[in-house]
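1. The sequence and its predicted three-dimensional model are supplied below.
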Amino acid sequence: MFDLFIFILLPLLTSVFCYFVKNLRIQFSASILVSVLHLALSLSVFTGYYQTNLPFFFGIDSLSKLFIVILSNVYFWVVLVSFSFLKRPVASKAQEGKKYYFLLLNFYLTANSAAILSNHFGMYWVAAEATTSSVAPLIYFYRNEEALEAMWKYLFLVSVGIAFAFIGILFLTLSAKGTSLEGQQLFFWEFIKNANQLNPIWLKASFIFIFVGLSTKIGIAPMHTADIDATSNAPSPIAALMSGSLRITGLLGVMRIFQIIQPTSSYEFAKVILIIGGLFSVFVTFVYMFKVNNYKRMLAYSSVEHLGLITLGIGIGGLAFVGAMYHAIYNSITKAALFLTAGNIHRIYKTREVDKVNSVLNLMPATGWIFLLSFLAISGIPPFGIFFSEIKIFEGMLFSDKPVVLFLTMFFLLFIFINMGRIIFSMLYKKGENDFQEVDKKQFRLIHFAAILLLILLVSIAIASPDVLYRNIINISKDFGINL
Amino acid sequence: MENVLSILFCLSLFYLAITSRVKGYVSVLQLQGVLLSIIVILPFLKNFSVYGLILPVTLILIKVFLIPRYINKIILDLDIKRVIEPTIQQFTFLLLVITSTVLIFVVSNILSQNTELNVIPFASGFSAVVIGIYVIIFRRKLIVHVAGFLVLENGIFLFGTAVASELPMLIELGILLDVFVVVFLMGIALNKISSTLSGFDVSILGRLKD
């Protein structure tokens, strides 16, 4: 019960607490305390110091162990910078958004933890829908027209998408008709154990519906538009949270059904669908990168690309699957650093348009350098983690039965790198006529500190390559029937 | 009995296709809520238990009272005009709806030969999902989109009862609550949209582009 309390009930209680206590500093202190506890517990569960025994519809396996660590890590950093973010002067309309910021953030943690720890499809669905409704008002933080439109689109499209995923879940029940699973609860492990009995037609239909429905949440093309709008218009900590943790939660649902389909005859079919989805996402990013005009959108598209790569890795299987799991961790850390620094740029330049941002390195050197480093990290330059995970994915592709995917992916990634680099270098170096009254050249803020620590974390995980992480990922691969 | 109710449910979808008033949509939602509640309550008439009443009562409360009232309130507050502003002709829309429904019934019948299926509720539910999507695509007003989304949700609910999935009570309640919260947030967003963007239809949502 203790773990359930820390993971799910405590954030919920804190969220109620934030409703009654209006003082931002107290709200922040409570939230940071919760996030530290959450992080500590998820790390001790991950390393095996604490044996969990979750009741009801919750349970833990290697996959949820990994994802809960990703969630609490990103969440911790986001909460850490949130207070200094909220202290900044904003337009008077946005003052209203501050009131519910920590309340929604804590509720998000509750919902997302519940989604990750659920071992029942119904529970997963309820929790995943709750993450949507907790994040949507946060997208509307700035209270301007763009944010409003983004919130509406996100709320509507993702809700419809999740409704589709529910149809998929019902199809899964149908596939169990006439087997020993009929009339049973929708527990993942029950279905995984008896997957061979399931009716293949309904199982395939179920996979398609769940994949298409949840891809609105994961941000896989062609369902990525609402996600792009939301991520690019949300305040930067929320964008970091969405890119780093919320998309992964959507991916979890797809991975669960993929795990069920794995021992059946429909496995190849599911793999092809994942590969198509992943490859198409990378392609869409490739096309977009030729006409970038908004740097936050560019970063959001970069998330589409990397989630596409992860999906691709899962679809290819083998070593690529292992790479995809590493990629999920590294991508979440890098995206947090990238969005936080991009938020810093937005704060000074007050625009998201690429053309109006120049000589960042001159005006705000700390932010500029961190932004450059984060860009190198996301592009897969060593020694940053993404290099190693991408290499694994590529190696897996090369030795799979579809090596042509590798060539396509590398071609797309090359141009994405060139185009993204062009934009970022013009933002950093190009001389322009920017006169800012209050440029804080020397100021070193908490956000810089957080972003640097995130980058250090990224490098050190990649170089130290902790044994516990490796073993966990190998266990996940075994759960997915991959023997290396 | 369930079949009769499902057919009524299907007929309400046809009404949806021909009505041109926003109020008509709200009444359809209310009617569908009542039908779904009766379907859920039927099994409990034979072996009555207070515990079993929780779900139907919540269902009635949310789908028959809270959500329709909330939508009506939004319509009144925002002074939304009473016609739905279709993007295609009503007759074409009706034709589309009927063709899809017939197609879904035929396909479900074929599918039921392999899997044990309760064809009428299954097909009615699925038709509602498809028609909900049509409403979202072919109507301009955002409030009608919300209604379309709710029709889709109702369809899934009916569909769920046909599949006879044994979802635990707690999760069923969670689903209802989630839908309510989402609609509630959509209502708030609509309010803001009408005040900041001064309009209620999709054409005003064109700021965000690549």
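-> Alright, I've got the coordinates.
2. in the chain, which ranges drop under the pLDDT threshold?
-> Reading this off chain A. A:434-443 (pLDDT under 70).
3. look at chain B instead
-> Under the criterion pLDDT under 70, the flagged ranges of chain B are B:164-166.
4. Quick one: residues contacting the residue nearest the centre of it.
-> With distances taken as C-alpha atoms, centre = their mean, chain B has residue B:151 as the residue nearest its mean C-alpha position (1.4 Å). If you count contacts by C-beta atoms under 8 Å, 6 or more residues apart in numbering or on different chains, residue B:151 has them with B:13, B:16, B:28, B:29, B:32, B:128, B:131, B:132, B:135. Glycine gets a C-beta too; all of them are placed from N, C-alpha and C.
5. tell me which parts of chain B are close to chain A?
-> B:114-117, B:129, B:133, B:136, B:142, B:145, B:149, B:152-153, B:156, B:159-160, B:163-168, B:170-171, B:174-175, B:178, B:181-182, B:185-186, B:189, B:192-193, B:196-197, B:205, B:207-208, B:210 (C-beta under 8 Å from any C-beta of the partner chain).
6. now the helices: where do they sit in chain B?
-> For chain B, the helices defined by DSSP state H occupy B:2-18, B:22-46, B:50-59, B:67-78, B:90-111, B:119-138, B:142-163, B:169-192.
7. same question but for the stretch 101-250 of chain A, I mixed them up
-> All helices of the stretch 101-250 of chain A, identified by DSSP state H, counting those that start in this stretch, fall at A:101-117, A:121-139, A:145-175, A:188-193, A:200-218, A:225-233, A:236-241, A:247-261.
8. how about those helices in TSV, adding distance to residue B:89?
-> Below are these laid out as TSV (distance: least, C-beta to C-beta, whole Å):
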stretch	distance to residue B:89
helix A:101-117	43
helix A:121-139	34
helix A:145-175	25
helix A:188-193	46
helix A:200-218	30
helix A:225-233	28
helix A:236-241	42
helix A:247-261	38
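9. Please produce a markdown table containing those, extended by distance to residue A:425 and mean neighbour count.
-> Listed next are the helices of the stretch 101-250 of chain A as a markdown table, based on distance: least, C-beta to C-beta, whole Å; neighbours: other C-beta atoms under 10 Å in any protein chain shown:
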| stretch | distance to residue A:425 | mean neighbour count |
| --- | --- | --- |
| helix A:101-117 | 34 | 26 |
| helix A:121-139 | 30 | 25 |
| helix A:145-175 | 27 | 24 |
| helix A:188-193 | 46 | 18 |
| helix A:200-218 | 30 | 23 |
| helix A:225-233 | 21 | 27 |
| helix A:236-241 | 21 | 28 |
| helix A:247-261 | 27 | 24 |
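10. Just the buried residues of the residues of chain B next to chain A.
-> B:117, B:129, B:133, B:136, B:142, B:145, B:149, B:152-153, B:156, B:159-160, B:163-165, B:167, B:171, B:174-175, B:178, B:181-182, B:185-186, B:189, B:192-193, B:196, B:205, B:208 (16 or more other C-beta atoms under 10 Å in any protein chain shown).
11. re the thing from before, got the contacts of residue B:151 as TSV, with distance to residue A:255 and neighbour count columns?
-> TSV is the format used below for the contacts of residue B:151 (distance: C-beta to C-beta, whole Å; neighbours: other C-beta atoms under 10 Å in any protein chain shown):
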residue	distance to residue A:255	neighbour count
B:13	35	25
B:16	37	25
B:28	38	23
B:29	35	23
B:32	34	25
B:128	30	29
B:131	32	25
B:132	28	25
B:135	33	26
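12. Which one of the residues you listed is nearest to chain A?
-> residue B:132 (8.5 Å; C-beta to the nearest C-beta).
13. What residue, apart from its backbone neighbours, is nearest that closest one spatially?
-> Nearest residue to residue B:132, sequence neighbours excluded (C-beta to C-beta, 6 or more residues apart in numbering or on different chains): residue B:152, at 3.0 Å.
14. OK, contacts around the one you found?
-> Taking C-beta under 8 Å, 6+ apart, one finds A:160, A:163, B:128, B:129, B:132, B:133, B:136 in contact with residue B:152.
15. how close does the third one get to residue A:193?
-> In this view, residue B:128 and residue A:193 are 34 Å apart by C-beta to C-beta, to the nearest Å.
16. Report the closest residue of the stretch 201-350 of chain A relative to chain B.
-> residue A:229 (4.6 Å).
17. Hmm, that residue is touching residue A:152, no?
-> No - counting by C-beta atoms under 8 Å, residue A:229 sits too far from residue A:152 to count as a contact (9.3 Å).
18. For the stretch 151-300 of chain A, which residue gets nearest to chain B?
-> residue A:173 (4.1 Å).
19. How much space separates that residue from residue A:165?
-> Remark: distance between residue A:173 and residue A:165 (C-beta to C-beta) = 13 Å.
20. How about the helix or strand hosting residue A:415 and chain B, touching?
-> Using DSSP states H and E, residue A:415 maps to helix A:403-429. No - Helix A:403-429 does not reach chain B (C-beta under 8 Å from any C-beta); its nearest approach is 13.5 Å.
21. gap between that helix and the chain center?
-> 21 Å (C-alpha atoms, centre = their mean, to the nearest Å).
22. For the following helix or strand past it, name the packing helices and strands.
-> Using DSSP H and E, the helix or strand that follows helix A:403-429 in sequence is helix A:446-464. Counting contacts by 3 or more C-beta pairs under 8 Å, 6 or more residues apart in numbering or on different chains; DSSP states H and E, helix A:446-464 packs against helix A:62-87, helix A:319-349, helix A:365-378, helix A:385-398.
23. Out of the ones you listed, which one sits most buried?
-> Highest mean neighbour count of the helices and strands packed on helix A:446-464: helix A:319-349, a mean of 25 (counted as mean count of other C-beta atoms under 10 Å in any protein chain shown).
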